[in-house]
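Student: Sequence unavailable; structure follows:
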């Protein structure tokens with residue numbers, strides 16, 4: 001059979017497989033949505049996904065690559081190109097799956113199951129990776145350091161949004177936990193004996209606020225105070241906060257991190273407090289957009305009825321961060337967005353959390369699984385696509 005006809009036939013088979021398993025995929029999506037778990041704590045979600053893969057006869061390594069809630073399953077002929085399908089399933093504090101990771105998990109695993117259903121006809125090697133801690137902790141980077149992407153030629157995932165996009169505009173990000181240590185005292189009877197850790201935090205916070213006036217348009221600094229003291233009549237001896245610092249790329253992120261750190265050191269110096277400035281174990285890289293691979297995904301999604309907004313029509317300062325960025329500088333990767341809500345509903349709010357459990361969310365799971373599986377087939381069968389994908393990657397990814 002000619003490769004074009006073979007590809008068309010295999011694509012129809014994986015789409016049929018997704019339709020056949022849709023009840024199971026949506027059950028998993030709804031179960032994860034109903035039980036949001038934070039980064040590194042996604043035990044129930046990981047078990048659901050591992051059980052689904054094992055139920056299809058696949059061998060799965062739970063607790064893969066050093067993370068308790070990660071997993072890995074691999075199948076397909078040896079010696080052929082290897083595509084990784086990625087699943088995320090952590091939630092946000094307070095607002096659950098307002099980033100729709102229940103949809104990402106079900107679509108990624110669904111694509112893997114659809115390709116596994118091809119049996120001996122699967123035209124390449126497939127690795128399904130459960131990747132915890134995207135919202136906090138940079139889980140994919142931690143897994144990558146332990147070999148999760150060794151032998152992988154391309155990595156594919158989807159992300160829900162309010163619109164269909166071939167790729168997510170992205171910037172780099174660093175996480176910061178800061179703790180000030182002062183000395184407690186009675187705030188009325190003997191305030192002079194206290195060293196006020198809340199004063200240190202507030203001075204630092206205002207320093208960060210002032211710094212915001214003098215950073216680039218594509219840079220961001222934002223944070224919260226997680227501990228502001230225990231009682232008004234006690235001079236706070238400890239305060240803590242968590243802050244995110246973002247910039248266009250790693251090169252721009254480092255000097256901004258130094259400026260942000262100076263704000264917190266200044267708060268300590270001004271008040272006499274001690275300060276712990278604890279940057280995350282890994283920083284998030286910007287996503288390197290791989291146009292050939294993203295265009296292949298878009299073409300496949302369009303056959304399912306999806307209509308995409310050109311990347312050039314988005315506001316220049318509309319950008320987020322993902323640890324898929326770290327993967328994209330190791331291997332060619334895509335991070336397309338699939339609409340599961342109206343365009344005016346943005347991620348990371350309560351309204352989006354509702355849409356992630358809606359019928360539009362269900363459609364994103366099924367379309368995402370199909371389009372991912374079809375794109376993997378394109379990558380396996382189309383040598384020209386592979387050549388263009390890797391030419392773009394080699395020309396500008398800043399490979400690690």
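Tutor: Structure's in. What do you need? If you're wondering where the values come from, they're calculated on a predicted model, not measured in any experiment.
Student: tally of neighbours for residue 326?
Tutor: Taking other C-beta atoms under 10 Å as the criterion, the count of residues near residue 326 is 26. Using the backbone N, CA and C atoms, a C-beta is placed for each residue, glycine as well.
Student: Leaving out the residues flanking it, which one is nearest to it?
Tutor: When the adjacent residues along the chain are set aside, residue 326 lies closest to residue 141, with 4.2 Å between them (C-beta to C-beta, 6 or more residues apart in numbering).
Student: ok, now residue 270?
Tutor: Nearest in space to residue 270, with sequence neighbours left out and distances taken as C-beta to C-beta, 6+ apart, is residue 203 at 5.4 Å.
Student: residues in contact with the one you found?
Tutor: For residue 203, the contacting residues are 266, 267, 270, 271, by C-beta atoms under 8 Å, 6 or more residues apart in numbering.
Student: what's the spacing between the third one and residue 229?
Tutor: Between residue 270 and residue 229 the computed distance is 17 Å (C-beta to C-beta, to the nearest Å).
Student: and what of residue 8?
Tutor: Summarising the geometry, the distance separating residue 8 from residue 229, computed by C-beta to C-beta, is 65 Å.
Student: Who has more neighbours out of those two?
Tutor: When neighbours are counted by other C-beta under 10 Å, residue 229 comes out ahead of the other of residue 8 and residue 229, with 19 against 14.
Student: Let me see the mean pLDDT of the helix or strand containing residue 51.
Tutor: Applying DSSP states H and E as the criterion places residue 51 in helix 43-55. For helix 43-55, the mean pLDDT works out to 98.
Student: Can you list the buried residues in that helix?
Tutor: Counting neighbours by 16 or more other C-beta atoms under 10 Å, one finds that the buried residues in helix 43-55 are 44, 45, 46, 48, 49, 50, 52, 53.
Student: Any idea how far the helix or strand just after that helix is from the middle of the chain?
Tutor: Tracing the chain past helix 43-55, the next element assigned as helix or strand by DSSP H and E is strand 60-62. Here the centre of mass of C-alpha atoms in strand 60-62, compared against the chain's by C-alpha atoms, centre = their mean, to the nearest Å, lies 21 Å away.
Student: what do you get for stretch 100-118?
Tutor: On C-alpha atoms, centre = their mean, the centre of stretch 100-118 falls 16 Å from that of its chain.
Student: Tell me the buried residues in it?
Tutor: By 16+ other C-beta under 10 Å, the buried positions in stretch 100-118 come out as 100-118.
Student: Which members of the residues you listed occur in helices, if any?
Tutor: In helices, defined here by DSSP state H, the members of these are 101-116.
Student: between the residues you listed, which is closest to residue 241?
Tutor: Nearest to residue 241 among those is residue 101, at 24.8 Å by C-beta to C-beta.
Student: Count the neighbours of the nearest residue to the closest one once chain neighbours are set aside for me.
Tutor: Once flanking residues are discounted, residue 101 sits nearest to residue 88: 4.6 Å by C-beta to C-beta, 6+ apart. Burial of residue 88, expressed as a neighbour count using other C-beta under 10 Å, amounts to 30.
Student: where in the stretch 1-150 of the chain is pLDDT low?
Tutor: By pLDDT under 70, the low-scoring segments of the stretch 1-150 of the chain are 1-4.
Student: If you could redo that for the stretch 251-400 of the chain, that was the one I meant.
Tutor: Regions of the stretch 251-400 of the chain meeting the criterion pLDDT under 70 cover residues 316, 397-400.
Student: would you list every one of the helices in it?
Tutor: For the stretch 251-400 of the chain, applying DSSP state H, counting those that start in this stretch gives helices covering 291-302, 324-328, 350-355, 359-381, 383-396.
Student: Quick check: which of those helices is nearest to residue 71?
Tutor: Taking C-beta to C-beta as the criterion, residue 71 comes closest to helix 324-328 out of these, the separation being 16.3 Å.
Student: Spit out the contact partners of the closest residue to residue 103 other than its chain neighbours.
Tutor: Leaving aside its chain neighbours, residue 103 sits nearest to residue 160 (4.7 Å; criterion: C-beta to C-beta, 6+ apart). Taking C-beta under 8 Å, 6+ apart as the criterion, residue 160 is in contact with 99-100, 103-104, 337-341, 347, 356, 361, 364.
Student: Wasn't residue 160 part of a helix?
Tutor: No - following the definition DSSP: H, G, I helix; E, B strand; the rest coil, residue 160 is strand and is not counted among the residues of a helix.
Student: just to confirm, which helix or strand has residue 16 in it?
Tutor: According to DSSP H and E, residue 16 maps onto helix 3-20.
Student: Would you indicate which residues of that helix are buried?
Tutor: Here helix 3-20 shows 7, 10, 11, 13, 14, 15, 17, 18 as buried, counting by 16+ other C-beta under 10 Å.
Student: isn't the third one right up against residue 374?
Tutor: Yes - using C-beta atoms under 8 Å, residue 11 and residue 374 qualify as a contacting pair, with a distance of 4.6 Å.
Student: who touches both of those two?
Tutor: Here residue 11 and residue 374 share the contacting residues residue 300, scored by C-beta under 8 Å, 6+ apart.
Student: a markdown table for the buried residues of helix 3-20, including distance to residue 328?
Tutor: A markdown table is the format used below for those (distance: C-beta to C-beta, whole Å):
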| residue | distance to residue 328 |
| --- | --- |
| 7 | 25 |
| 10 | 26 |
| 11 | 25 |
| 13 | 29 |
| 14 | 24 |
| 15 | 27 |
| 17 | 28 |
| 18 | 25 |
